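Chemist: Below are the sequence and a predicted model; questions follow.
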Amino acid sequence: MLYEAAHFIKDRLKPVWNLVEWGNAQCFALRYRKGLNQIPEILNRHSTDFTVRLATEADAPNLAKFFEEQPEEAFKFFRPHDFDEKSLKNIIRNKAFITFLVLSGETIVGYFFLRSFVNGKSFRGKIVDHRWQGRGIAKLMGKAATDVAQALPVRMFGTISPENYASLASSKAVNEVKILNTLDNGYYYIEYLPKK
């Protein structure tokens, strides 16, 4: 219900959406300040073979390039926002849209986010560079996102197409995946829970 309402407002009532986004970001940053301050330390623990860190506005040009270099089929199941530099800067600035990068040296090889709300819910999304798939990066991002969500603390949700076998497999490898509903477009609306 919340998912459908948010998409209706975003798609049809842009000025209202912008106001809601701003208010949510401010309230979220205040309510979850303690957990937000723990994020760099959490990401540092996950930085072994790859560096995992928060994205900054300075990353927007390289992140836009990262998205430009992905094949069209990479976006079949992943279109959470626009991928141009200006849009990415706005997303990174949003205190409730927590954006993360996975790097090999200086090269972005993965991107993930927690799109969070002051009511304690967040939505996870992730994408791995097509040239770096099969190296455990999706699992790494899932583990890091789960630890961040627990530290904040927020509940973590997402939508996955039943045809997106790779995403389902990497999600189930690091989380208990609870299917809550099937949406009108056929996607599963799920909650990611910590592994027991």
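Modeler: Looks like it came in fine.

Chemist: For stretch 112-125, which residues meet the burial criterion?
Modeler: 112-118, 121-125 (16 or more other CB atoms under 10 Å). No exception for glycine: its C-beta is placed from N, CA and C like everyone else's.

Chemist: Just send these back as a markdown table, with pLDDT too.
Modeler: Formatted as a markdown table, those follow (pLDDT from 0 to 100):
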| residue | pLDDT |
| --- | --- |
| F112 | 97 |
| F113 | 97 |
| L114 | 97 |
| R115 | 95 |
| S116 | 95 |
| F117 | 94 |
| V118 | 93 |
| K121 | 95 |
| S122 | 96 |
| F123 | 95 |
| R124 | 95 |
| G125 | 94 |
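
Chemist: between these, which is closest to A138?
Modeler: Minimum distance to A138 across the buried residues of stretch 112-125 is 8.8 Å, recorded for F112 (CB to CB).

Chemist: and the closest residue to N94 other than its chain neighbours, how far is that from I92?
Modeler: Distances taken as CB to CB, 6 or more residues apart in numbering place A25 nearest to N94, at 5.1 Å, with adjacent residues excluded. Using CB to CB, to the nearest Å, A25 is found at 12 Å from I92.

Chemist: on that earlier part again, wait, is the residue nearest to N94 part of a helix?
Modeler: Yes - counting by DSSP: H, G, I helix; E, B strand; the rest coil, one finds A25 located in a helix.

Chemist: May I ask which helix or strand encompasses the residue nearest to the spatial centre of the chain?
Modeler: By CA atoms, centre = their mean, the chain has its centre lying nearest to F113, at 2.1 Å. Taking DSSP states H and E as the definition, one finds F113 inside strand 107-116.
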